[in-house]
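# no sequence for this one, just the structure:
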């Protein structure tokens, strides 16, 4: 959020925040789907979140007393559990780990780890060849999946993606198995922040799901698509996909249920009407089941609905560490905070034909100068239909008439249609 004043609540630059309350718990009541249970354990997307948080702490964008503890936990999982020398080297460089640190792994240990992985890959490839010679297609497929999942756990990103390409190259694959391989490949691309590859894979999965996917896989694909849309800042489409899955969520391999609820609330608060917000979010039983795990986000939506604008801005400050600590939401933290400001100001102004700056500033708990600055910027950008009488210290709303707006839209669309018909007519004449 860019700070044009000394206030913390401006628009584009990200101030230092704390993560004391950003850690959310998994909902143990959510059971993975049948196909979800068979999904590969690696890459572990919870580990990706932890890596993101450590990166944010190291860059000074968020603060936490648990930085060293979390970094140690991450590296322990990468070295001891995953035995992935490639990922360790990347993290050691990213985290700027000193060669003398107790967290440093020696070159000889890394070399022996790589040698062990090479031997395991050789054994698994021999198992594939044996299945080709002595068993059927299903055994070959299982052996190939075993190779790919080991690569996802212990090898580099490119090696893991290549291993899944070999799975997809097998003949006679069912659409379900193709979707499973593509979804696991998508997780690898997402884990390593390969956004272009991830978007390509999700597009392929969505097309397959529309053509021949079963209900369970189609439901899971919606979550993959929604998170891809979030990364592409197509928040409105993501909001629609997420709210559709709120009662049937089972995609635990991509994110925890609590994180899913956070994504659903943050995206939908920007687009749902007050009645829909009350029905689907505030009173939603699925959301209420995890409300105690995400008090900052719940406070935000409740404050907006209750028209507690001072509490709403305070809740925005509390929500910011949640956004910064999440790898899907952090790139859009400034955008989301700006949209939340617009949402609060718009809802307030919708209740008045005119209101004094002083009264509005008091309602939001901010200074008149800061309010004047923000309203001026949002009005100039066309985000708020109002004007400021600086001399009188009054904000006057200027809501356009709905029928006139619809009439103007119809005229514009009619002109576009006539232009296209004329172009088509010229082509036909030629």
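Thanks, I have it. All values derive from a computational prediction rather than experimental measurement.
# Please, where are all the helices along the stretch 51-200 of the chain?
67-76, 85-94, 107-134, 137-154, 157-168, 175-191, 195-212 (DSSP state H, counting those that start in this stretch).
# now swap in the stretch 301-430 of the chain and tell me
With DSSP H, counting those that start in this stretch as the criterion, the stretch 301-430 of the chain has helices spanning 309-324, 333-349, 357-364, 368-380, 402-429.
# Give me the angle between the fourth one and helix 333-349.
So that's helix 368-380. On the basis of axes from the mean of the first three to the mean of the last three CA atoms, to 10 degrees, helix 368-380 is oriented at 100 degrees to helix 333-349.
# Point out where this structure drops to low pLDDT.
When residues are selected by pLDDT under 70, those of the chain lie in 1-38, 65, 213, 399-405, 429-430.
# got the contact list for the residue nearest in space to the middle of it?
Centroid check for the chain by CA atoms, centre = their mean gives residue 328 as the closest residue, at 3.0 Å. By CB atoms under 8 Å, 6 or more residues apart in numbering, the residues touching residue 328 are 227, 230, 231, 263. No exception for glycine: its C-beta is placed from N, CA and C like everyone else's.
# sorry, back to before: in TSV, list the helices of the stretch 301-430 of the chain along with mean neighbour count.
Below are the helices of the stretch 301-430 of the chain laid out as TSV (neighbours: other CB atoms under 10 Å):
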stretch	mean neighbour count
helix 309-324	21
helix 333-349	19
helix 357-364	17
helix 368-380	17
helix 402-429	10
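# can you pull the buried residues of stretch 197-207?
Residues 197, 198, 199, 200, 201, 202, 204, 205, 206 are the ones in stretch 197-207 that count as buried (16 or more other CB atoms under 10 Å).
# Please tabulate those in a markdown table and include distance to residue 294 as additional columns.
Output for the buried residues of stretch 197-207, formatted as a markdown table (distance: CB to CB, whole Å):
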| residue | distance to residue 294 |
| --- | --- |
| 197 | 31 |
| 198 | 26 |
| 199 | 28 |
| 200 | 32 |
| 201 | 29 |
| 202 | 26 |
| 204 | 33 |
| 205 | 28 |
| 206 | 28 |
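# what's around residue 126, how many residues?
11 (other CB atoms under 10 Å).
# farthest-separated two in the buried residues of stretch 197-207?
197 and 206 (15.1 Å; CB to CB).
# what sits against residue 133?
Contacts of residue 133 (CB under 8 Å, 6+ apart): none.
# quick one on the thing from earlier: mind checking which of the contacts of residue 328 are in helices?
Of those, the ones assigned to helices by DSSP state H are 227, 230, 231, 263.
# quick one: the second one from residue 199, how far?
Which is residue 230. Distance of residue 230 to residue 199, given as CB to CB, to the nearest Å: 12 Å.
# Next: the third one.
Computed with CB to CB, the distance linking residue 231 and residue 199 is 8 Å.
# Next, the contact list for residue 72, please.
Contacts for residue 72 (CB under 8 Å, 6+ apart) come out as residue 103.
# returning to that earlier point: mind putting the helices of the stretch 301-430 of the chain into JSON lines with distance to residue 248?
Formatted as JSON lines, those follow (distance: least, CB to CB, whole Å):
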{"stretch": "helix 309-324", "distance to residue 248": "24"}
{"stretch": "helix 333-349", "distance to residue 248": "26"}
{"stretch": "helix 357-364", "distance to residue 248": "38"}
{"stretch": "helix 368-380", "distance to residue 248": "37"}
{"stretch": "helix 402-429", "distance to residue 248": "36"}
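# still on that earlier bit, so which of the contacts of residue 328 wins on neighbours?
residue 227 (26 neighbours).
# That residue - nearest residue in space that isn't next to it in sequence?
Nearest residue to residue 227, sequence neighbours excluded (CB to CB, 6 or more residues apart in numbering): residue 328, at 5.6 Å.
# Off-centre distance for stretch 100-118?
Relative to its parent chain, stretch 100-118 has a centroid offset of 33 Å by CA atoms, centre = their mean, to the nearest Å.
# likewise stretch 222-241?
That offset, for stretch 222-241, works out to 8 Å (CA atoms, centre = their mean).
# and residue 186, how many residues sit next to it?
27.
# Surely it touches residue 224?
Yes. Taking CB atoms under 8 Å as the definition, residue 186 is a contact partner of residue 224 at 5.9 Å.
# tell me the most buried of the helices of the stretch 51-200 of the chain?
helix 175-191 (a mean of 22; mean count of other CB atoms under 10 Å).
# thinking again about what came up before, who touches both of residue 186 and residue 224?
202, 205.
# distance of residue 406 from residue 412?
11 Å.
# Ok, residue 335 next?
The spacing between residue 335 and residue 412, counted by CB to CB, is 27 Å.
# now do residue 220
From residue 220 to residue 412 the distance is 40 Å (CB to CB).
# Excluding sequence neighbours, find me the nearest residue to residue 46.
residue 256 (6.9 Å).
# burial count for the one you found?
19.
# go on, residue 280?
What residue 280 shows, counting by other CB under 10 Å, is a neighbour count of 17.
# nearest spatial neighbour of it, skipping sequence neighbours?
residue 243 is the one closest to residue 280 (CB to CB, 6+ apart), at 6.1 Å.
# Pull the contacting residues for the one you found.
264, 268, 272, 280.
# Can you tell me which of these lies closest to residue 93?
Of the contacts of residue 243, the one sitting nearest to residue 93 (CB to CB) turns out to be residue 264, at 35.1 Å.
# Hmm, that closest one is touching residue 242, no?
Yes. Using CB under 8 Å, residue 264 is in contact with residue 242, at 4.3 Å.
# need the contact list for residue 307.
Applying CB under 8 Å, 6+ apart, the residues contacting residue 307 are 347, 348.
# For it, give its distance to residue 352.
12 Å.
# Same check on residue 283?
Counting by CB to CB - residue 283 and residue 352 are separated by 28 Å.
# same thing with residue 104?
Taken as CB to CB, the span from residue 104 to residue 352 is 62 Å.
# Also residue 369?
21 Å.
# before we move on, what about residue 228?
For residue 228 relative to residue 352 (CB to CB), the value is 40 Å.
# Looking at these two, which one has more neighbours?
residue 228 (26 against 15).
# List the contacts of the more buried one.
By CB under 8 Å, 6+ apart, the contact list for residue 228 reads 198, 199, 202.
# What sits closest to residue 265 if chain neighbours are left out?
residue 297 (5.2 Å).
# no, scratch that, I was asking about residue 239
Counting by CB to CB, 6+ apart, residue 239 lies nearest to residue 267, which is 3.7 Å off, once chain neighbours are set aside.
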